[in-house]
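Student: Whatever this is, show me its structure:
(2 chains)
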Amino acid sequence: MMLRKKLTQGEFAVLVELNIPKGVDISELVTHVRHLKSRIDAVVIPDMDGGVMRMSALGGGAVIRREGFEPVIHIYGRDRNRMAIQGDVLAAQALGIQNLIVVQGDAMANSDHPAAKTVDDLNELDLLSMVQSLQKGLDLAGFDLKGKPAFFTGCQVQPIRDDKHLLEEYEKAKEKIAAGAQFIVVPPVFDIPAYTQILNKFKSLKVPVIATVFMLKNVGMARYISINDPGSGLSDELIGRIRKAKDRETECVHIAAEMIRSLKGVAQGVKISAVGWEDRLPAILDCAGL
Amino acid sequence: MITAEQKPLEEIIAYIEPYDRIFLVGCNECVTVCAAGGRKEVGLLASALRLNSMKQGKTIEIKEITLERQCDPEYVEELASDINRTDAVLSMACGCGVQTLAGRYKEMPIFPAVNTLFMGASESQGIWAERCRGCGDCLLGITGGICPVARCSKSLFNGPCGGTCSGKCEISPEVDCAWCLIWERLKALGMEKRYEELMEAKDWRPSGGGGPRKIVRKDLVL
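Tutor: Here you go, the predicted structure:
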């Protein structure tokens, strides 16, 4: 339970987000995570990330645990009803997974299985209450459990579009904390002063706040984010910096590392999303002095 | 038709408690047929609410009206002349009617007086049963006119589960096993082969999986 300890003691935590395979070949996942030995505090595993059907976060979490890392798995209500989620959460604990992040699933229509039936039995607040109930030894129908789980449970806020939206997400985060969330993960913003303002707003809720560092991989990706996510604070200057660089890939690694360094005094931890560049994670950590 | 049942009186009273002048609006369509929110039910509910307010020592003004169709903007317009002389509207239509009123009279609190239940048919006097879930991709042509989505408790698509017993569903001896009904019907029609054909996993997009549904008939749009 190093993550809980670090975050509650006010130490800076480093989390990396790893996607699990669409299939059963876990060799890449295992290789990537082994290169991070003793360098990170936890591995965040999204469930069906981006609406893509793949190995479940529960399975991925078990693999990561087996490798000696501390997994943090996402749970959400789109694909499973309250029976299935409770069962998975209990299984997670039995497999050594002690950290959860309650998130909102993408719309099924935007998934790679758009014909699937949406479940949405429990929303984020319901899920947080569910974890609380399980920890008290009761399931959602009020029946006793044989052995109570103990989780360190976080929540996630949506990408912030503007000041008005920040207030809305702040209010929602407040509700999530009241429902049992113990830390907050904030989506990435590439403008550090703007991000600092957002992170400080959430810090006022008195739970650890984790910033996200999202790996920009090329000019096209940066442009896409800048156009489609106006709240991302991704400036033309930053895009230009990648474009003008002699070695663009190395420049992207430097940008991610700079962001980590800048956020060290602002957030309680960072979650690094390498989005396919998991093999560059050691270089990013080197560059960030971690 | 869309079926509904009146909400418990206490819930309705709680909704309108802060208000003195209520517009009680019924609908002449489905909720009239299933005796939940037609002219007669509007009258009965109005009387019950007046009686309750008298018991509380309060005076309440209830204006009763039953529209031809509450889910149609044309008929909802009939309320426009009197809406400013009321504090809140209590709708006895299905959820479609309540939302049509709320969409038209945006400044007015609109409350439902019924719970909308299902799309069903009358089995006999006073009994309505679910027949359709509006899944958007009708299978009745291959299931002998009996819907496995609405009438099988598990919405199974390829025959009954192990819980079927003497033509009844495992959830209750009162509930027919939809797949027994389908089999008997296909047999009677000499269409047993249809039963052998395996149905693929259903595409739930037409059922609302792609978000709220809408029909746009360009030939009818003005």
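Student: ranges for the helices of the stretch 1-150 of chain A?
Tutor: Assigned by DSSP state H, counting those that start in this stretch, the helices in the stretch 1-150 of chain A fall at A:2-8, A:27-34, A:57-66, A:82-94, A:124-135.
Student: can you check chain B too?
Tutor: Here chain B has its helices, by DSSP state H, at B:9-16, B:30-33, B:39-55, B:73-76, B:95-104, B:148-151, B:178-188, B:192-196.
Student: export the longest strand along chain B as PDB, just CAs?
Tutor: Ranked by number of residues, the top strand in chain B under DSSP state E is strand B:114-124. In PDB, the C-alpha atoms belonging to strand B:114-124 read as follows (Å, rounded to 0.1, in the frame of the first residue of the first chain):
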ATOM      1  CA  VAL B 114     -48.400   8.800 -13.100                       C
ATOM      2  CA  ASN B 115     -45.600   6.300 -13.500                       C
ATOM      3  CA  THR B 116     -45.100   5.400 -17.100                       C
ATOM      4  CA  LEU B 117     -44.600   1.600 -17.300                       C
ATOM      5  CA  PHE B 118     -44.400  -0.200 -20.600                       C
ATOM      6  CA  MET B 119     -45.700  -0.700 -24.100                       C
ATOM      7  CA  GLY B 120     -48.400  -3.300 -23.700                       C
ATOM      8  CA  ALA B 121     -51.700  -4.700 -24.800                       C
ATOM      9  CA  SER B 122     -54.900  -5.500 -23.000                       C
ATOM     10  CA  GLU B 123     -55.200  -9.100 -22.000                       C
ATOM     11  CA  SER B 124     -58.700  -8.700 -20.600                       C
END
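Student: Closest residue of the stretch 151-290 of chain A to chain B?
Tutor: residue A:158 (17.9 Å; CB to the nearest CB). From N, CA and C alone the C-beta is placed, and that goes for glycine too.
Student: mind listing what that residue touches?
Tutor: By CB atoms under 8 Å, 6 or more residues apart in numbering or on different chains, the residues touching residue A:158 are A:104, A:165, A:169, A:187.
Student: And for residue A:83?
Tutor: Residue A:83 neighbours (CB under 8 Å, 6+ apart): none.
Student: ok, the closest residue to residue B:34 other than its chain neighbours to residue A:258 distance?
Tutor: What sits nearest to residue B:34 in space, not counting adjacent residues and going by CB to CB, 6 or more residues apart in numbering or on different chains, is residue B:3, at 4.7 Å. Taking CB to CB, to the nearest Å as the measure, residue B:3 falls 62 Å from residue A:258.
Student: More neighbours: which of the two?
Tutor: It is residue B:3, of residue B:3 and residue A:258, that has more neighbours when counted by other CB atoms under 10 Å in any protein chain shown, with 24 against 14.
Student: The more buried one reaches residue B:128, doesn't it?
Tutor: Yes: using CB atoms under 8 Å, residue B:3 is in contact with residue B:128, at 4.9 Å.
Student: Find the residues that touch each one of those two.
Tutor: Common contacts of residue B:3 and residue B:128 (CB under 8 Å, 6+ apart): B:34, B:120.
Student: Could you look up the SS state of residue A:270?
Tutor: For residue A:270, the assignment made with DSSP: H, G, I helix; E, B strand; the rest coil gives strand.
Student: ok, back up a step: want to try CSV for the helices of chain B, with distance to chain A as columns?
Tutor: Formatted as CSV, the helices of chain B follow (distance: least, CB to the nearest CB, whole Å):
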stretch, distance to chain A
helix B:9-16, 23
helix B:30-33, 27
helix B:39-55, 33
helix B:73-76, 28
helix B:95-104, 18
helix B:148-151, 11
helix B:178-188, 18
helix B:192-196, 23
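Student: quick one, which of those is nearest to residue A:34?
Tutor: helix B:148-151 (48.3 Å; CB to CB).
Student: Against residue B:38, how distant is residue B:132?
Tutor: To residue B:38, residue B:132 is 22 Å away according to CB to CB.
Student: circling back: just so I know, which of the helices of the stretch 1-150 of chain A lies nearest residue A:239?
Tutor: helix A:27-34 (27.4 Å).
Student: got the angle between the closest one and helix A:57-66?
Tutor: Orientation check (axes from the mean of the first three to the mean of the last three CA atoms, to 10 degrees): helix A:27-34 against helix A:57-66 gives 50 degrees.
Student: Check which helices and strands helix A:27-34 is in contact with.
Tutor: Counting contacts by 3 or more CB pairs under 8 Å, 6 or more residues apart in numbering or on different chains; DSSP states H and E, helix A:27-34 packs against helix A:57-66.
Student: tell me which residues in the helix it packs on are buried?
Tutor: For helix A:57-66, burial by neighbour count (16 or more other CB atoms under 10 Å in any protein chain shown) applies to A:57-65.
Student: if we take those residues, which one ends up nearest to residue A:78?
Tutor: residue A:57 (12.8 Å).
Student: contacting residues around that closest one?
Tutor: A:20, A:45-48, A:73-75.
Student: Now render these as JSON lines, adding neighbour count and pLDDT.
Tutor: As requested, these are exported to JSON lines (neighbours: other CB atoms under 10 Å in any protein chain shown; pLDDT from 0 to 100):
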{"residue": "A:20", "neighbour count": "23", "pLDDT": "91"}
{"residue": "A:45", "neighbour count": "28", "pLDDT": "97"}
{"residue": "A:46", "neighbour count": "22", "pLDDT": "96"}
{"residue": "A:47", "neighbour count": "24", "pLDDT": "96"}
{"residue": "A:48", "neighbour count": "22", "pLDDT": "94"}
{"residue": "A:73", "neighbour count": "29", "pLDDT": "98"}
{"residue": "A:74", "neighbour count": "23", "pLDDT": "98"}
{"residue": "A:75", "neighbour count": "25", "pLDDT": "98"}
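Student: Identify the farthest-apart pair in these.
Tutor: Maximum distance among the contacts of residue A:57 (CB to CB): 14.6 Å, for A:20 and A:75.
Student: Much appreciated, bye for now.
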